[in-house]
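Give me a model of this one.
(2 chains)
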2 protein chains.
Amino acid sequence: MTVFDRLFADSTLSQLQEKDARDPLAHKRAEFKLPEDAVYLDGNSLGALPLSVPARLARVAEEEWGSQLIRSWTANDSASVGAAAAQDWMNLPDRVAAKIAPLIGAQAHEVAVGDSTSVNIFKLLSAALHMAPPQRRVILTEADNFPTDLYMAQGLNALLGGRYELRTVPGAELEANLTDDVALTLLTEVDYRTGRKLDLASLTAKAHERGILTIWDLAHSAGAFPVDLNGTGADFAVGCGYKFLNGGPGAPSFMFVAERHHGSAPAFLSGWMGHADPFEMAREFSPAPGARRYVVGTPMVLSLSALDAALDVFADVDMAQLRAKSLSLTDTFIELMEPLAAQYPLTLMTPRNHVQRGSQVSYQHPQARAVMRQLIMRGILGDFRTPDILRFGFTPLYHSHADVWRAVQGIRKVLEGGETA
Amino acid sequence: MTVFDRLFADSTLSQLQEKDARDPLAHKRAEFKLPEDAVYLDGNSLGALPLSVPARLARVAEEEWGSQLIRSWTANDSASVGAAAAQDWMNLPDRVAAKIAPLIGAQAHEVAVGDSTSVNIFKLLSAALHMAPPQRRVILTEADNFPTDLYMAQGLNALLGGRYELRTVPGAELEANLTDDVALTLLTEVDYRTGRKLDLASLTAKAHERGILTIWDLAHSAGAFPVDLNGTGADFAVGCGYKFLNGGPGAPSFMFVAERHHGSAPAFLSGWMGHADPFEMAREFSPAPGARRYVVGTPMVLSLSALDAALDVFADVDMAQLRAKSLSLTDTFIELMEPLAAQYPLTLMTPRNHVQRGSQVSYQHPQARAVMRQLIMRGILGDFRTPDILRFGFTPLYHSHADVWRAVQGIRKVLEGGETA
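Modelled structure (predicted):
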């Protein structure tokens, strides 16, 4: 019996199925639409569809928009006619914020929902640079941060006449670069390519010791494992609605501003929906209390409603259980992949150390693009990231250990088939 | 027979119904969901639901997202599995831009779709201020411009250290204020309160004579009547997806950058979806050609798909016919309202002159808030704008002259009932 045969022996699958039988989150899978003929390992790019979403979208379109029309912007308006209650779209961003807050260790009034992650990065960067002492001119980030984080900082700096320096260093050198000229850090907790998780608490504390503000991008964190922004003393954060929060393609993003900064963090993107009283139609912007001031224009109600419905999936989820399952899934994947990694040119990029791992596993492979194309044709839906990365995302809400087994079996067949040149 | 009796005589209604029978756009009404028991005169705040939208939303959610998942971002990917074609979400903003372009006299590559009107105002203001000669420090606007236009300019100016002056003048004094210190004008073509339409062509020409750039807010223009941006030499424009374009609550906004400025207008909100090659994952922002560079973050596909479907309503619409009908509807409304305006404290705010009128009619009334409350209870769905404005929007795609008659009859009953104190 070869190592591969042992790997895919019925006994191995049985052991994994036993784990699945004991999984306290196993029932959550039934709340998602998942392809029957495939293993979807790309929820870190686009989370799967929660089954409650289509009905919510239909209701918002046909009833709230189609029948109630403009009346849906307000709630309990005594002037409303018709049978259905008005839907209070004005406060929908706040209701969604209140659902995201517990997933990231925030208070509801510290969270604003709307716009894209990119635009929210701009809001936070501009606010934090304004708050930093003027002699601090460096934005410290990782060389391999997600490109839009870098681009938004480049654009803001150009707008401000180039007075700042975007200093990009390797992740391992971040701590040594927390110097007196740094205004703020702009870091993504989990690297989108490798799945490596930074120590948010430690880096935040060390930044604060040196008078540096922190902006954390939680794109691959929120909904993937517990995040405790207030417990770690974080200043600012931003995150994505369409990955582990399953809010749909391009779902609205969220941003966090710690309560202690509400008096000093300006909203430079000051739109009417962030005004203290939008329908006063005043000529001067007067910010709403708390993070609501960062809601800029009219919220995209259809996309926001999908995210609102999607977040209900988390209502009964113990985030510690979620994290434990995530680690068990990625541990299982790494373990099952080991014989393949020994035989084929696969290099594990994701840390084996749990505290440094997000909810994905990545390998380098010299023909990664072709390998992923073959995998997708076989129904193993991970993704390719330039230049040579095979990326597999694990979503503990809807993946089982048996899924992991199926995925590795598919990878083995592709690698053995050698159809990847 | 009193003037009111004549007004509401069967013969008057018959004449209006005859007009409706000759209306070349009458068939468009069947493409919308409209309340049967009400006259919806608030399409200038939220356009009615095009009947094609719910099915499109269901398809995007269940098929494109739910079944095709991440594969829907790309088109014709040979690696796709499953029966349905991939939906090419990456290029959806461009496809929507191509549908809006002919409605505003633009080329497709001059239009970007996404984000809110407020955020797009920020993009245009920051680009235009960068292009203006540095000694020009004034942003010229109307005192009664829509508040978010003012707020976004205030926020940007604060971010830039207050180096600009937001000069707010009455509409009648705009031309006299096109002075050598003005960098740009930020004007809304149709006033949201009064329905007064500025002379876009003349003001643009006079601004250019004096070296001033122009940003036009087309919130109450696009889809309401023909707009000819390139014919008038406009520099920049922004507009709203959820009013006369019927794209749904908070629908994505559009912005226009004239082709001649593509080499010099920077994109300071530079996100990965505006990059020339997003999946290259380069560390430096390199703008996509044309207006696509102004697409910042990941597009909100659900909201954008609704707008995309809604725009198909315009495919067979002659915009000159649309304008003619709009003026006929508002003329009819003003005429039918005349006896009421003579008897009750109603002051017409909207110009009688066609070239100065958008597609709405507004009256001042000292108890406007209470009057509108009563009207809404009777199914006449206009809206109240502070402090004393009754606002009635007319959408030539779905209103008939008989609707106008029903609306005025309802207004008469409310005013006669005197239940407005």
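
Span of stretch A:11-29 from start to end?
Its start and end residues considered, stretch A:11-29 measures 24 Å (Cα to Cα, to the nearest Å).

Buried ones in that stretch, by neighbour count?
Buried positions in stretch A:11-29, judged by neighbour count with 16 or more other Cβ atoms under 10 Å in any protein chain shown: A:12, A:13, A:16, A:19, A:20, A:23, A:25, A:28, A:29. C-beta here means a position set from N, CA and C on the backbone, and glycine is covered the same way.

out of the residues you listed, which are inside helices?
A:12, A:13, A:16, A:19, A:20 (DSSP state H).

Closest residue of the stretch 1-150 of chain A to chain B?
Nearest residue of the stretch 1-150 of chain A to chain B: residue A:116, at 2.4 Å (Cβ to the nearest Cβ).

And for the stretch 251-400 of chain A?
Closest point on the stretch 251-400 of chain A to chain B, by Cβ to the nearest Cβ, is residue A:297, at 2.4 Å.

Neighbours of that residue, how many?
By other Cβ atoms under 10 Å in any protein chain shown, 26 other residues sit near residue A:297.

Would you enumerate the residues in contact with it?
A:114, A:271, A:272, A:273, B:115, B:116, B:117, B:118, B:119, B:148, B:250, B:253 (Cβ atoms under 8 Å, 6 or more residues apart in numbering or on different chains).

Quick check: nearest residue in space to it, chain neighbours excluded?
The spatially closest residue to residue A:297, leaving aside those adjacent along the chain, is residue B:116, at 2.4 Å (Cβ to Cβ, 6 or more residues apart in numbering or on different chains).

Could you report the neighbour count for that neighbour?
31.

wait, doesn't residue A:254 sit right on residue A:110?
No. If you go by Cβ atoms under 8 Å, residue A:254 and residue A:110 don't touch, sitting 10.3 Å apart.

what about the two, which has more around it?
Shown here are residue A:254 and residue A:110; by other Cβ under 10 Å, residue A:254 has more neighbours (33 against 25).

Need the pLDDT of that one.
pLDDT, residue A:254: 98.

mind listing what residue A:384 touches?
Going by Cβ under 8 Å, 6+ apart, residue A:384 touches A:368, A:369, A:372, A:373, A:390, A:391.

Let's see that with 10 Å instead.
Contact analysis of residue A:384 by Cβ atoms under 10 Å, 6 or more residues apart in numbering or on different chains lists A:365, A:368-373, A:375-376, A:390-391, B:79, B:279.

okay if I get the contacts of residue A:297 as a markdown table plus secondary structure and distance to residue B:184?
Shown next, in a markdown table, are these (DSSP: H, G, I helix; E, B strand; the rest coil; distance: Cβ to Cβ, whole Å):
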| residue | secondary structure | distance to residue B:184 |
| --- | --- | --- |
| A:114 | coil | 27 |
| A:271 | coil | 19 |
| A:272 | helix | 21 |
| A:273 | helix | 24 |
| B:115 | coil | 20 |
| B:116 | coil | 20 |
| B:117 | helix | 17 |
| B:118 | helix | 17 |
| B:119 | helix | 18 |
| B:148 | helix | 17 |
| B:250 | coil | 27 |
| B:253 | coil | 19 |
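
Just give me the closest of those to residue B:102.
residue B:253 (17.6 Å; Cβ to Cβ).

quick one: the closest one and residue B:5, what's the gap?
To residue B:5, residue B:253 is 47 Å away according to Cβ to Cβ, to the nearest Å.

okay, those two: which has more neighbours?
Remark: of residue B:253 and residue B:5, residue B:253 carries more neighbours, 29 against 10, as counted by other Cβ under 10 Å.

What number of neighbouring residues does the nearest residue to that one once chain neighbours are set aside come out with?
Spatial nearest neighbour of residue B:253, excluding adjacent residues (Cβ to Cβ, 6+ apart): residue B:117 at 4.1 Å. Using other Cβ under 10 Å, residue B:117 has 31 other residues around it.

Let me see the contact set for residue B:117.
Residue B:117 touches A:271-272, A:296-298, B:146, B:148-149, B:152, B:217-219, B:238-243, B:250-255, counting by Cβ under 10 Å, 6+ apart.

State the mean pLDDT of stretch A:358-371.
Rounded mean pLDDT across stretch A:358-371 is 98.

So which bits of it are buried?
A:358, A:359, A:360, A:361, A:362, A:363, A:364, A:365, A:367, A:368, A:369, A:371.

Just the C-alphas of that stretch, formatted as PDB.
Extracted in PDB, the C-alpha atoms of stretch A:358-371 (Å, rounded to 0.1, in the frame of the first residue of the first chain):
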ATOM      1  CA  GLY A 358      -6.100  32.400   8.300                       C
ATOM      2  CA  SER A 359      -8.700  30.300   6.700                       C
ATOM      3  CA  GLN A 360      -7.000  29.400   3.500                       C
ATOM      4  CA  VAL A 361      -4.100  27.200   2.300                       C
ATOM      5  CA  SER A 362      -1.800  28.200  -0.600                       C
ATOM      6  CA  TYR A 363       0.900  26.400  -2.500                       C
ATOM      7  CA  GLN A 364       3.300  27.500  -5.100                       C
ATOM      8  CA  HIS A 365       3.600  25.400  -8.200                       C
ATOM      9  CA  PRO A 366       5.600  26.300 -11.300                       C
ATOM     10  CA  GLN A 367       2.500  25.500 -13.500                       C
ATOM     11  CA  ALA A 368       0.000  26.900 -11.100                       C
ATOM     12  CA  ARG A 369      -2.200  28.600 -13.700                       C
ATOM     13  CA  ALA A 370      -2.500  25.400 -15.700                       C
ATOM     14  CA  VAL A 371      -3.000  23.200 -12.600                       C
END
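
which secondary structure elements does the helix or strand encompassing residue A:215 contact?
Remark: residue A:215 resides in strand A:213-217, with elements defined by DSSP states H and E. Helices and strands touching strand A:213-217, by 3 or more Cβ pairs under 10 Å, 6 or more residues apart in numbering or on different chains; DSSP states H and E, are helix A:117-131, strand A:138-142, helix A:147-159, strand A:182-188, helix A:200-209, helix A:229-232, strand A:236-239, strand A:254-257.

Run me through the strand neighbours of it, direction for each.
strand A:182-188 (parallel), strand A:236-239 (parallel) (DSSP bridges).

Let's have the ones you listed in TSV, adding mean neighbour count and distance to residue B:207.
Listed next are the strands paired with strand A:213-217 as TSV, based on neighbours: other Cβ atoms under 10 Å in any protein chain shown; distance: least, Cβ to Cβ, whole Å:
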stretch	mean neighbour count	distance to residue B:207
strand A:182-188	24	38
strand A:236-239	28	38
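
Format the ones you listed as CSV; extra columns: mean pLDDT and distance to residue B:132.
Below are those laid out as CSV (pLDDT from 0 to 100; distance: least, Cβ to Cβ, whole Å):
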stretch, mean pLDDT, distance to residue B:132
strand A:182-188, 98, 28
strand A:236-239, 98, 31
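
Serialize the ones you listed to JSON lines and add fields for distance to residue B:384.
Listed next are the strands paired with strand A:213-217 as JSON lines, based on distance: least, Cβ to Cβ, whole Å:
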{"stretch": "strand A:182-188", "distance to residue B:384": "44"}
{"stretch": "strand A:236-239", "distance to residue B:384": "37"}
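
re earlier: and the buried residues of stretch A:11-29 as CSV, adding distance to chain B and pLDDT?
Shown next, in CSV, are those (distance: Cβ to the nearest Cβ, whole Å; pLDDT from 0 to 100):
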residue, distance to chain B, pLDDT
A:12, 27, 90
A:13, 24, 93
A:16, 24, 97
A:19, 25, 97
A:20, 22, 98
A:23, 23, 98
A:25, 21, 98
A:28, 16, 98
A:29, 14, 98
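
what domains does the record give for chain A?
Following automatic domain parsing, one gets these domains for chain A: A:3-51+A:317-417, A:88-316.

ok, back up a step: show me which of the contacts of residue A:384 is closest to residue B:134.
Closest to residue B:134, out of all of the contacts of residue A:384 and judged by Cβ to Cβ, is residue B:279, at 37.6 Å.

The closest one against residue A:147, yeah?
Yes. Residue B:279 lies in contact with residue A:147 (Cβ atoms under 10 Å); the separation is 9.4 Å.
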